[in-house]
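K.L.:
The following comprises the amino acid sequence and a computationally predicted model.
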Amino acid sequence: MERGRKRILSVFIFLVALAVLLLLAARGAEIGASVENAQPASTHFDGNVFFNPGFPPGTSPQGLEPKRGGSRWIWRWLFGNDWPEWPEMNNFIPGPPPAARVPQGALHITPIGHATFLIQMDGLNILTDPMWSDRCSPVSWAGPRRHTRPGIRFDDLPPIDVVLVSHNHYDHLDLPTLKRLAKRGTPRAIVTLGNLDLVRGAGIPAVDALDWWQEVRLSSDVTVTLVPAQHFSSRTFWDRNETLWGGFVVSGPSGNVYYAGDTGYGPHFREIARRFSPIRVALLPISPFRPQQSKEPPRERYPSVHMGPAEAVQAHEDLGAQISVAAHFQVFQLGPDGFDDAVNELASALKERDLQPEAFVAPTAGRTIEPTKRYAGAGSPVRLETSVVHR
């Protein structure tokens with residue numbers, strides 16, 4: 001009897017969540033139509049939706065992309081699954097407040113967690129895909145929740161000059177965090193096509209929406225360019241691929257910093273390297289990557305819209321990056337990976353390719369990385385040794 005009441009309650013809450021998503025879908029359709037209808041057809045836009053080059057419009061890598069979305073976490077929440085349990089990181093201590101600013105020619109990168117990085121370079125403070133919420137979801141009471149707190153307390157952030165938003169998934173475009181940033185005076189955001197009104201509605205005054213390879217100037221010395229990614233977009237069940245996705249290259253006197261956003265492995269890495277070499281630092285996702293138990297080979301079953309550690313190491317080599325920093329791990333459980341799987345696989349992939357651990361680090365959130373120093377892996381002490389990154 002008790003189990004039956006719990007199931008009825010779960011179904012009721014599911015219906016409420018579905019109603020919320022329907023309202024979001026209607027709002028999302030209005031936002032998307034106002035932007036994309038003005039865009040000409042291109043190598044990644046067919047006049048109605050965006051797509052990954054190399055895959056026909058209306059399809060996706062390996063035909064599996066539509067299985068990803070809000071329906072997955074609702075299904076897991078109602079009925080559960082066999083994903084491994086992640087530990088609660090209750091003893092995590094956020095890092096110290098970062099420097100207020102760094103001078104021209106200097107570069108500091110502070111990993112906050114998941115896809116959020118504070119990039120401090122050439123007098124500017126830049127924040128990627130800011131996420132301080134407890135859940136990445138259209139509602140605050142359900143959906144994937146954090147297992148690791150943000151590496152820097154929100155109130156300890158320095159003044160943020162610009163926010164970079166790579167695409168509209170809830171773990172990358174978090175409206176509650178954007179509203180908090182707007183209230184503390186963040187003046188500008190750079191977003192992908194279709195997301196201008198959504199981010200402007202959060203209260204950020206100036207928002208630029210870019211297509212792939214378009215650039216804007218952040219200062220007299222620093223520019224940011226939107227670069228391709230192999231991914232997809234959606235915030236509801238009905239707005240798939242109506243907005244664009246991408247990564248960013250920030251270029252200034254301190255060098256080129258590449259933030260990949262969310263992406264599968266593809267030929268875009270070599271093209272980014274061709275246009276922006278040398279890349280001083282690359283911020284690359286390494287999970288989710290492990291499919292649930294299946295007799296099918298992983299790459300035939302798992303969509304090519306995310307990279308695992310081995311693919312990220314290949315991307316590191318394609319980019320010719322002087323150092324890469326791992327993103328998208330140990331914060332939100334978005335696939336059946338174990339908590340340490342991605343970090344362990346990254347170490348194995350580096351060893352297989354005869355690369356030093358310092359070439360591609362899995363950072364500890366909240367600890368600032370200065371690319372003129374050598375760093376050990378996550379949880380290890382910083383070793384101030386010979387530089388591994390040179391301009």
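P.N.:
Okay, I see it.

K.L.:
taking the mean pLDDT, what do you get for stretch 232-241?
P.N.:
Stretch 232-241 shows an average pLDDT of 88 in the prediction.

K.L.:
Now find how far off-centre stretch 179-191 is within its chain.
P.N.:
18 Å (C-alpha atoms, centre = their mean, to the nearest Å).

K.L.:
for that stretch, what is the average pLDDT?
P.N.:
For stretch 179-191, the per-residue pLDDT averages 97.

K.L.:
Can you check the distance spanned by it, start to finish?
P.N.:
15 Å (C-alpha to C-alpha, to the nearest Å).

K.L.:
What of stretch 219-239?
P.N.:
35 Å.

K.L.:
mind listing what's buried in that stretch?
P.N.:
221-222, 224-237, 239 (16 or more other C-beta atoms under 10 Å). For glycine as for every other residue, the C-beta is placed from the backbone atoms N, C-alpha and C.

K.L.:
Show me these that map onto strands.
P.N.:
Counting by DSSP state E, the part of those found in strands is 224, 225, 226, 227.

K.L.:
can you map out the strands along the stretch 201-350 of the chain?
P.N.:
For the stretch 201-350 of the chain, strands defined by DSSP state E, counting those that start in this stretch occupy the ranges 206-210, 215-217, 223-227, 247-252, 255-259, 279-285, 323-327.

K.L.:
quick one: pLDDT of residue 31?
P.N.:
pLDDT, residue 31: 43.

K.L.:
hang on, I meant residue 286
P.N.:
Reported pLDDT for residue 286: 94.

K.L.:
now could you export just the CA positions of stretch 109-117 as PDB?
P.N.:
Only the C-alpha atoms of stretch 109-117 are listed here, as PDB (Å, rounded to 0.1, in the frame of the first residue of the first chain):
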ATOM      1  CA  ILE A 109      42.500  29.600 -15.000                       C
ATOM      2  CA  THR A 110      40.400  28.600 -12.000                       C
ATOM      3  CA  PRO A 111      38.200  25.500 -12.500                       C
ATOM      4  CA  ILE A 112      34.900  26.000 -10.700                       C
ATOM      5  CA  GLY A 113      33.400  22.600 -11.600                       C
ATOM      6  CA  HIS A 114      31.700  20.900 -14.500                       C
ATOM      7  CA  ALA A 115      32.000  23.300 -17.400                       C
ATOM      8  CA  THR A 116      32.500  26.500 -15.400                       C
ATOM      9  CA  PHE A 117      36.000  28.100 -15.600                       C
END
